[in-house]
Each structure stands twice: as structure tokens, then as C-alpha cells.
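[1] Compute the structure for the input listed below.
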Amino acid sequence: MATISPTKESSIVGYDHDDSSLRTGEGGLTVWTLQKMLEQKRYDELNGLFDNGLTMNSLPVGISAGAGGAAFDIGIDPIISWLALKLWRGKIFFPSNNKRVSEGRNRMRKTVFNPFSPFVPMAKFTTMLLDSHPIAPRVKSNLVVLNYFDPKTKPYLIEILATEIHGYDAMVAVKGKYGPVFVGKTWLGKYNERGEFTAHDPNNTNPHND
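    The predicted structure follows:
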């Protein structure tokens, strides 16, 4: 079982988000190059990035670009695939006085019935910076986890679905063209009454990007 709980402060200082040495320059990774890798099903390369990320000194803050995850050719419910590919366009990470604990929202289409409806903040999550997590034992860096135990903000249909189809995200930072970008994985499973998540199959996942 993967239990969401803070860990002690890492002894590694980690990167500064504005550190110029974290930019790969021309031809470096961007959200869109990662998306192309997903479309080409280059999972081995993406898994390598996920397992060998950068150590972070704080949670991400601000609006992230993103496009929905893998091809979902691994038995995941097609409803989740459609939601990710058609309705999701990144996340908003709120600032916090605690650099290791905060919350955020997903940027989703306001309605599933109108493909041109605006993207609005919804599908609430709490986020934590952890030194490690049992759901991703091969990750060498620390990682950001997103808990969707209580996703509702308004009576959006997508949020109602999220209370029935439980998901859990983990992300690592990797060196990018303009600075760090994030590679993540999503697990399906079940939250208990304390907000602790258990994955149906901890090994049955492919990367996505944020």
C-alpha cells in the first residue's frame, strides 16, 4: 500500500528552479517533445527519465502546460484515456509557506459535452514533495505526489467521475530546454477513508508529461 505521508527533510539541497545549468539548450526537452515521445510509445526512454530525475528543493508553483498521457494500450479504462487526451491541459500548483506541502487544480474543459468549452481549474489535489515513495521504488530522486482523495470544487461532471475512478500521480523533474520539466505516472486504485491510496497494479503504468 502506498501511504501518503511527509518524510523528513532531505539532506540534499536540490536545484533552484531558475538555475541556468538545468537548461539543455537547443534541441532539449520540452513538454511537447515529451508528448511526441508518448505518441511514439517510447516508454523505455520515458521510464529512464522518470527513474533518474533531478532532486528538487521545493514543489512546483504556477501553471503547467501539459497534454494527456500515454496511449493507454495497457488495459486502462477508455474513459480515463478520453478524459486525459481530450479534456486536460495541464495543472495549477498553488504557492505555499511550506515548500513540501501544497495543493492545486487541473485545467479541464468546463463540460464534457462541449469540446470548445473553456479550460477551468477543477479536480482538486493535494501535493507533497517526498524523499521517496513505495509506489515508485526505482526513482533515484525525490518526487512530487498528487493525491485526489477529495477532488470536488464545484459540481463538475469530471470531478464526480474522479470520486468514482480513483487516480494518483507521481512526478519527477528532468532537465529541459528552458529549465526543469516534469515526467509523471498515474496509477488507478482506491483511496480509503483516511486518504491513503492503494494501486490496483503498481507495475501497470506508463509515463505522461506535465
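[2] which residue ranges form the strands in this protein?
    All strands of the chain, identified by DSSP state E, fall at 62-64, 88-93, 101-109, 119-130, 143-147, 166-174, 181-191, 197-199, 207-209.
[3] List the contacts of the second one.
    Outside of strand 88-93, the residues within contact range by Cβ atoms under 8 Å, 6 or more residues apart in numbering are 59-68, 102, 104-108, 119, 121, 125, 127, 146, 210. Every C-beta, even on glycine, is put in place using the N, C-alpha and C of the backbone.
[4] Can you check what angle separates it from strand 119-130?
    Strand 88-93 runs at 50 degrees relative to strand 119-130, counting by axes from the mean of the first three to the mean of the last three Cα atoms, to 10 degrees.
[5] Strand 88-93: which residues count as buried?
    Neighbour-count burial for strand 88-93 flags 88-91, 93 (criterion: 16 or more other Cβ atoms under 10 Å).
[6] Quickly run through the sheet partners of it, with directions.
    Looking at strand 88-93 with DSSP bridges, its partner strands are strand 62-64 (antiparallel), strand 101-109 (antiparallel).
[7] Including distance to residue 173 and mean neighbour count, could those go into TSV?
    TSV is the format used below for these (distance: least, Cβ to Cβ, whole Å; neighbours: other Cβ atoms under 10 Å):
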stretch	distance to residue 173	mean neighbour count
strand 62-64	11	15
strand 101-109	16	21
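[8] quick one on the thing from earlier: so which of the strands of the chain is the most packed in?
    Highest mean neighbour count of the strands of the chain: strand 207-209, a mean of 26 (counted as mean count of other Cβ atoms under 10 Å).
[9] what pLDDT, on average, does that one get?
    Strand 207-209 carries an average pLDDT of 70.
[10] next one: stretch 183-191
    Averaged over stretch 183-191, pLDDT sits at 91.
[11] rewinding a little: which one of the strands paired with strand 88-93 lies nearest to residue 184?
    strand 62-64 (10.3 Å; Cβ to Cβ).
[12] Poorly predicted segments of the protein, please.
    Residues of the chain meeting the criterion pLDDT under 70: 1-17, 66-85, 204, 206, 208-210.
[13] Would you mind measuring from residue 55 to residue 152?
    33 Å (Cβ to Cβ, to the nearest Å).
[14] and the two? which has more neighbours close in?
    The residue with more neighbours, out of residue 55 and residue 152, is residue 55; 16 against 13, by other Cβ atoms under 10 Å.
[15] wait, doesn't that one sit right on residue 142?
    Yes: with contacts counted by Cβ atoms under 8 Å, residue 55 reaches residue 142, the gap being 5.6 Å.
[16] rewinding a little: if we only consider the buried residues of strand 88-93, which is nearest to residue 33?
    Residue 33 lies nearest to residue 90 out of those, by Cβ to Cβ, at 15.7 Å.
[17] ok, which stretches of the chain are helices?
    31-39, 43-51, 78-82, 157-164 (DSSP state H).
[18] Out of those, flag the one nearest residue 131.
    Of all these, helix 43-51 comes closest under Cβ to Cβ, at 15.3 Å.
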